[in-house]
Structures are given as structure tokens and as C-alpha cells.
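> with the sequence up front, the predicted model follows.
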Amino acid sequence: MSIATKSLKSLSMAVSLLAMPLMAQAYEPSTQMYGDSGDQGKKPWVFDIETLTVENENYRDTRWTGEFFQMVLMSLEPGEVIDLEVHNNHDQFFRVEAGTARVQMGETREDLDFVATATSGYGIMIPAGYWHTVENAGDDALKLYTFYAPPEHDADTVHQRYEDTEGYEH
């Protein structure tokens, strides 16, 4: 291979490497932030989940509901709880973005023998069939998000305050 051919191949490779970030930017999906209201489900969505969660002021806000999966943001004031419940047909995941959560779980509602504290950055895995409750055990708002598979709430469900959940069946 001649020096000119080697130089041309090296130059071509360098141009390709330099162009990669430009090509990636050209195809980067548009992002949406918290100000984009409503359930964004059943369509592609790229967002900053930490900012979305921390800026959420609603007790419960379904933000993405698909056919098999759902993301819900939650904000609990000090002392507020996610009431004792069980999901027999799906697992659940929580991630705490801010605040302190006291988590209780058990195989029966009378024996919540698993008790833990979760703070910013912690994940909580709740197996199907486990009774569970989450309480804001701190002095500041507890900001978290949860994933359900399959969805638990109707799309666009929003409860601004804990009191708005009275009588709510899901």
C-alpha cells in the first residue's frame, strides 16, 4: 500500500471519528421536561428523570403509561404515606430522589416484618404479593418515582394532595 493510500485512509478515519458526535447530535431525540404536562405514554420520550421527580409537587402524577408499563411521580409531605396495599399481579420499583422513606413490607398485612430506610439514590423493590407501605420519615418532602408493570393507574391520573386519594380505587 502506497504512502498516499495510507494517508488517505488515515485522513478518512479521522474525519469519520470527528463527525461521529455531529451525527449523534443530528439524530438525538428531542427532550421534554417537567413543564410538559400530562401523561406522555405510548410514544417515545427522553427526559431528565431526576429533575422531573424533584420538581414534581403532586402527591401522585402518572407521567408515562404504556401498554405493559407505567411510571408515576410522587411527592409526600413529612408524615404522609403511601397507604398499605398489595399488588398480586405485578412487581413494583421505587427510587428515592430526595428525602427519607420508611418502607415496610410483608407477606401478610398483619406482619410487615421487613422494615428499611431509603434515602436519595436508593431503590426499593416490591415483589408481587407483598403488602407494603412507604412513609415520609423526614422533615422535607419525599420525592420518588415508581414503575409498575403492568400499569396500576389510569393514564393522566393526578392527585395533587394525599387527601385527594380518599376513596380512590385503583
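Everything's here; your move. In this text the structure is predicted, and so the values were computed from the model without any measurement.
> what segments of this structure are strands?
60-65, 70-76, 81-85, 91-98, 100-106, 114-119, 123-126, 131-136, 142-149, 158-159 (DSSP state E).
> any stretches of the chain with poor pLDDT?
Applying pLDDT under 70 to the chain picks out residues 1-36, 167-170.
> spatially central, which residue of it would that be?
residue 145 (4.1 Å; Cα atoms, centre = their mean).
> so that one bridges to which residues?
residue 73, residue 95 (DSSP bridges).
> does it touch residue 73 like I think?
Yes: contact criterion Cβ atoms under 8 Å: residue 145 and residue 73 qualify, at 5.1 Å. C-betas here are computed from N, CA, C, even on glycine.
> if we can go back for a sec, and the strands of the chain as a markdown table, adding distance to residue 39?
Shown next, in a markdown table, are these (distance: least, Cβ to Cβ, whole Å):
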| stretch | distance to residue 39 |
| --- | --- |
| strand 60-65 | 5 |
| strand 70-76 | 9 |
| strand 81-85 | 20 |
| strand 91-98 | 18 |
| strand 100-106 | 24 |
| strand 114-119 | 26 |
| strand 123-126 | 22 |
| strand 131-136 | 22 |
| strand 142-149 | 13 |
| strand 158-159 | 9 |
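> still on that earlier bit, now do the contacts for the residue nearest to the centre of the chain.
Taking Cβ atoms under 8 Å, 6 or more residues apart in numbering, we find residue 145 in contact with 49, 52, 53, 71, 72, 73, 74, 94, 95, 97.
> identify the farthest-apart pair in these.
52 and 94 (14.9 Å; Cβ to Cβ).
> could you dump the contacts of residue 145 into a markdown table with distance to residue 40 and neighbour count added?
Below are the contacts of residue 145 laid out as a markdown table (distance: Cβ to Cβ, whole Å; neighbours: other Cβ atoms under 10 Å):
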| residue | distance to residue 40 | neighbour count |
| --- | --- | --- |
| 49 | 12 | 13 |
| 52 | 10 | 21 |
| 53 | 14 | 22 |
| 71 | 9 | 24 |
| 72 | 12 | 25 |
| 73 | 12 | 25 |
| 74 | 17 | 23 |
| 94 | 20 | 21 |
| 95 | 18 | 18 |
| 97 | 18 | 21 |
